[in-house]
Each structure stands twice: as C-alpha cells, then as structure tokens.
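Undergrad: coordinates for the following, if possible.
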Amino acid sequence: MTASTATVVAEAITTSGLSKSFGDKVVLDGIDLRIPEGMIFALLGPNGAGKTTTVQILSTLISANAGTAYVAGHDVTREPGAVRAAIGVTGQFSAVDNLLTAEENLSLMADLNHLPRAEGRRRAADLLRRFELTDAAAKPVVTLSGGMRRKLDLAMTLMGDPRIIFLDEPTTGLDPRSRRTMWQIIRALAADGVTIFLTTQYLDEADHLADRIAVLDHGKLVAEGTPEELKRRIPGGHIRLQFADVGSLESAAALFGSVTRDDEALALNIPGDGDIPALRAVLGALDRASIEAEALTVHTPDLDDVFLTLTGRPRSGDDAGSSKENAR
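TA: Numbers count the residues shown, from 1 in each chain. Now for the predicted structure:
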C-alpha cells in the first residue's frame, strides 16, 4: 500500500503530560495517551491509581492541573461543550431513575439530548430492542434485575449517539451471564466504529475486550500494549510435559537440563513461551530420544501476572491513595 492510498486512522483521544493532584496527593503524574477511533482501550490499575480521575478529566467533569487532553479533536479545557456533545459516559453506578419505566428513562435522555419527539421514540425503541429490553419497556426500573439496569444505563448513554464512550467499571456487580451480554454489546459498538475507553478491575474483561491496555500505578503509566504484548513482557511461561512413569520423567529431565520437576505429578516444566519453534524443538528432542510424553500443555502468564508484576500488588489490592480518588 502506497502512502497516497494508506488509510489514516484519526485519534479519538490524546493526552500529553496530563496531571492532577488533590491537595498534596498526586493522583495523575504526566499521562500520555494516543487512542485511535474505533478502538477498545482499557485502563487498568489498583484502587486509587487514578483511573476514574482520568475518565473525569477526559469527560470534562473535573479539570487537570497540567497537561493537555483532546477528545474527538476538541480541547477538554477550552471546548468542554463540544467534548460533551461527542461522548457518552457510563459510571460505576447505574444512573437510571428507579421510579420511571425503562422507556421513560430513555425518553428523558432523548429530551436532554434535544431530540425531536419522533426521533426520540424511534431511537428508544431501537435501543430497547438492541439491548433485549423490549419486554421491560413499561416496567418500573426498580423491578428490573441488576444486569437489566446496567444495560438500560448504557442504552441511555447511547441516546445521544456518541462516537466515544467512557465505561467506568461497567460490569461491577453483574452475574457472569450479564457480564457476557455486556461484553457482546461493547464489541458490537466497537464494530460500528465507536471508541470505547474502559476502566475495569476484572482483568479477564480487559483480556477479552481490549485492543490495547495501559496499566496505571501511583498516577503513572507503567506499561502499554496489546494484551499479548503485555503478557510476553512477564517471565514464567513454560511448556509442561507429563509422563506415565518415573523412568520417562528421569530420562526427560536429563535430556532438557534446566527444568522444574513435579515428581508427584510426574511432570516437567520447561521454560519457554510455547511458540511453534519451541514446541517443535521439545517434541523433536523427545522423539530423537524415544521418550514418550503422556500430555503436553503450554502455560503463559496472564493479565493477573502482568498486574502483579507491574504494580507489585494483586488485582484485588487496595491502594492507600486519596480518599477522594477512592470515592470515585
């Protein structure tokens, strides 16, 4: 593809040196981000790391102390109205009115977005169908399940047809089935070209959804990349061979040298990332030595390992950050 025919992907969100403090507590310390349009981008970090503060700055809810941020091409400080017109925000806690019906909640959002009445009704009906809420349209929200309320919350966000959506802990408190449904909805939005900025404590969620992940710790970005790129940065991958008898185990241990033995399970762990050349080398060595393995499995670091290594804390760890940030 020549330069003249190459597709240029616009950036939905850019920040440079973004910083924020609450009193003497530095919450964000020089954040640089480049997020292309149509990407699902996940921001991970322990409690108090600054994730929600980042979302609040980018969605114009609070101001940064230093640095610049552009959302949909607009400066969040100088053009907050234009930014708000381009985005949707779904926070950690449902913003629906429990006393209204699902349809009435959507109609309220249509009015707030100044949609013509006919267009508002059409869009509400389409979103109720899309989120499988048609049967619940006339029911008070207080009678709906948590998963249905979260879906309605996101549907309300979409009434304004935003091209960039901030999802702050969107599946907190949902059961596994509701989480999977929300994942499908998020993927469908991205497939339609909507940019998703996701914060989550669920690392499997980021692994399943995100095109790119950044890890935030103590207000600084400590790593960024695709899920697979981040996993490859962490040591600990290995090929596990299991044998039927002690003799085969001993022979293989002598053959491969630098391995970890599990005598009880009759298994060896051979360091490596488990790529095709490594697997071929292991299988070739076994074949030449006429050693038969009962089973072969590949173990690679997951995002839990990445999180623990990069932040020094398990994903459930709670940072002692500012009370303001923890409350967000």
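
Undergrad: select the longest helix from the protein.
TA: Of all the elements of type helix in the chain, the one with the most residues (DSSP state H) is helix 176-191.

Undergrad: relative to the helix or strand just after that one, what are the paired strands and their orientations?
TA: Following helix 176-191 in sequence order, the next helix or strand is strand 195-199 (DSSP states H and E). Looking at strand 195-199 with DSSP bridges, its partner strands are strand 40-44 (parallel), strand 164-168 (parallel).

Undergrad: quote the end-to-end distance of stretch 283-301.
TA: 22 Å (CA to CA, to the nearest Å).

Undergrad: return the set of buried residues in that stretch.
TA: 286, 291, 293, 300, 301 (16 or more other CB atoms under 10 Å). To be clear about C-beta, it is placed using only N, CA and C from the backbone, and glycine gets the same treatment.

Undergrad: skipping adjacent residues, who's closest to the fourth one in space?
TA: What sits nearest to residue 300 in space, not counting adjacent residues and going by CB to CB, 6 or more residues apart in numbering, is residue 237, at 4.5 Å.

Undergrad: that neighbour contacts residue 273, correct?
TA: Yes - in terms of CB atoms under 8 Å, residue 237 counts as a neighbour of residue 273; the distance is 4.6 Å.

Undergrad: could you tell me which residues touch both of the two?
TA: By CB atoms under 8 Å, 6 or more residues apart in numbering, residue 237 and residue 273 have these common neighbours: residue 300.

Undergrad: these two: who's more crowded?
TA: residue 237 (20 against 16; other CB atoms under 10 Å).

Undergrad: and the more buried one, what does it touch?
TA: Going by CB under 8 Å, 6+ apart, residue 237 touches 271, 272, 273, 274, 298, 299, 300, 301.

Undergrad: residue 33 now?
TA: Contacts of residue 33 (CB under 8 Å, 6+ apart): 13, 14, 15, 18, 214, 221.

Undergrad: specify the beta-bridge partners of it.
TA: Per DSSP bridges, the residues bridged to residue 33 are residue 15.

Undergrad: just the strands in the stretch 101-250 of the chain please.
TA: 164-168, 195-199, 212-217, 220-225, 238-242 (DSSP state E, counting those that start in this stretch).

Undergrad: and the first one, what's its mean pLDDT?
TA: In this model, strand 164-168 has an average pLDDT of 93.

Undergrad: just the CA trace of it, in PDB.
TA: Taking C-alpha atoms only, strand 164-168 is exported to PDB below (Å, rounded to 0.1, in the frame of the first residue of the first chain):
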ATOM      1  CA  ILE A 164     -16.700   7.900  22.100                       C
ATOM      2  CA  ILE A 165     -18.000   6.100  25.200                       C
ATOM      3  CA  PHE A 166     -16.300   6.000  28.700                       C
ATOM      4  CA  LEU A 167     -17.200   2.900  30.600                       C
ATOM      5  CA  ASP A 168     -16.100   3.100  34.200                       C
END
